[in-house]
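Novice: With the input below, show me the fold.
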Amino acid sequence: MRRIGIVGAGQAGLVLAIGLRQKGYDVTVFAERPADEVQAGRLISNQCLFAPALQRERELGINFWDDEAPPIREVAFAAAGEGSEPSMAWRVGLDRPAQSVDQRVKVSDWMAEFERLGGELRLRRIVPAELDECAREFELLVVAAGRGPQFDALFPRDDERSPYREPQRAIGILYVDGKLDAVPGLTFGMSPTGEFFLLPVLSVHGPAHGIGFFGVPGGPLDVWDSVADVEQHYETARRLLRTQYPWQAALLDDARPVAPTELLHGRITPIVRHPVGTLPSGAKVLAMGDTAVTNDPVGGQGANLAARAARAYQEAIVDRGDRPFDEEFMHAAFARYWHHARPATRFNNDLLAPPPEHVLATLAAGQREPRVAHRFAHLFEDPADYEGWLDDPEAAWRYLQSGAQSVPGAGTAPTVK
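Specialist: Predicted structure coming up:
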């Protein structure tokens, strides 16, 4: 039985670990905290998993929350205008429901499932200097320890695939409960100052809603560094809705923060790293998840890409049979994953830039033509459609012109104030 070590117990590492245990591999996961501490801790992230990522969980039988998590059946989009009403707005149903389950719920439940399957869970924080020791024990060592500078030297930045060198958004997320049942599944608002979202989640406290703001650095949404507690965050969120998204001014009037721990602030630099690291001994290690590809959360791709990575790496490991997990294997495994991560990363990075004319025209067409709104909304589920469509202005204009009779104004971009 081949021995696999995984450093990191998040969405990517645990899904890979569970999948490999089900295939009979000897798997050890290094986790920084036990399950009960994870569940009792502060908010880790916000996430929305779309159908392909959920399908992977269901294939593995680790979709433990389908009866509890509120389904996300719709996407509602609006862009700020000059007055109190949006310049454009539309709602569209998803072909297959999405779902948001608090990472603390998932990680703690999956840790228990991994151990139930006979996997070894070691509670130990691994720093780069300790990886050589770990690598000697396993035939393959995968580093899925999240984003951060601790692995900069081991997995250096891939400049060709990383257009940004600084964070592009100031992020503030809060979990609330209250009278928000009438809100469509995923609400997304856009303005030149940044974006906001609202979606139903299953949190460690039960059903709730997550509301997040992504502020352009230096702009009016870049306010979270001075926010000290959950009450101040709540009042700041209400103010931002009134001033930046006035059509949603009353959104939080009947909502309250779930608990003092349910807020999150941060800044993330999008980066793609070279996936194969060389340790002082000469041993090779393979990066996975956010350690390999870190995206700003504005495009909702983080947890979805983690699920893609877990599937791609498991398939590569199983297909390898008894052959060594050498450097050639590692590059091939990452290439298998990058096939899915490339369009998602391009889509996400482009969302961080001011939208070009053809994208604005497409979003505007969505309010008059459901097929356009449907196609755009499903980019979050499968960004592969972005390539050859919205990443190419000529292709985007051709698409709109092909339905010109049913899309009034196609080819004319609105102004977003």
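
Novice: quick one: low-confidence ranges for this protein?
Specialist: Scanning the chain for pLDDT under 70 picks out 181-182, 184, 404-417.

Novice: and it, what are its domains?
Specialist: What automatic domain parsing lists as the domains of the chain is 3-43+101-164+271-350, 72-100+170-267, 357-402.

Novice: thought Val176 was touching Val258?
Specialist: Yes. Proximity of Val176 to Val258 meets the contact threshold set by C-beta atoms under 8 Å, at 6.2 Å. For glycine as for every other residue, the C-beta is placed from the backbone atoms N, C-alpha and C.

Novice: joint contacts of the two?
Specialist: Common contacts of Val176 and Val258, defined by C-beta atoms under 8 Å, 6 or more residues apart in numbering, comprise Ala208.

Novice: these two touch, right, Glu32 and Ala9?
Specialist: Yes. Glu32 is in contact with Ala9 according to C-beta under 8 Å; the separation is 7.4 Å.

Novice: dump the residue contacts of the residue nearest to His209 when sequence neighbours are not counted.
Specialist: Excluding its sequence neighbours, the residue lying closest to His209 (C-beta to C-beta, 6 or more residues apart in numbering) is Leu180, at 4.9 Å. Leu180 is in contact with Leu198, Pro200, His209, Leu251, Asp254, Ala255, counting by C-beta under 8 Å, 6+ apart.

Novice: what helix or strand is Pro354 on?
Specialist: Under the criterion of DSSP states H and E, Pro354 resides outside all helices and strands.

Novice: what do you get for the one 5 residues further on?
Specialist: When secondary structure is defined using DSSP H and E, the element that contains Val359 is helix 357-366.

Novice: Summarise which helices and strands the next helix or strand after that helix is packed against.
Specialist: Going down the chain from helix 357-366, the next helix or strand is helix 370-377, by DSSP H and E. Under the contact criterion of 3 or more C-beta pairs under 8 Å, 6 or more residues apart in numbering; DSSP states H and E, helix 370-377 touches strand 72-79, strand 88-98, helix 357-366.

Novice: Among these, which comes closest to Leu60?
Specialist: strand 88-98 (17.7 Å; C-beta to C-beta).

Novice: Send me the next helix or strand after that closest one as CSV with only the CA atoms.
Specialist: Per DSSP H and E, the first helix or strand lying C-terminal to strand 88-98 is helix 103-116. What follows is helix 103-116, C-alpha atoms only, in CSV (Å, rounded to 0.1, in the frame of the first residue of the first chain):
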residue,chain,number,x,y,z
GLN,A,103,-15.5,25.5,6.3
ARG,A,104,-15.4,24.9,10.0
VAL,A,105,-18.4,22.5,9.7
LYS,A,106,-16.8,20.7,6.7
VAL,A,107,-13.3,20.4,8.1
SER,A,108,-14.3,19.1,11.5
ASP,A,109,-16.8,16.5,10.0
TRP,A,110,-14.3,15.4,7.3
MET,A,111,-11.5,15.0,9.9
ALA,A,112,-13.7,12.5,11.7
GLU,A,113,-14.6,10.7,8.5
PHE,A,114,-11.0,10.4,7.4
GLU,A,115,-10.1,8.8,10.8
ARG,A,116,-13.1,6.5,10.5
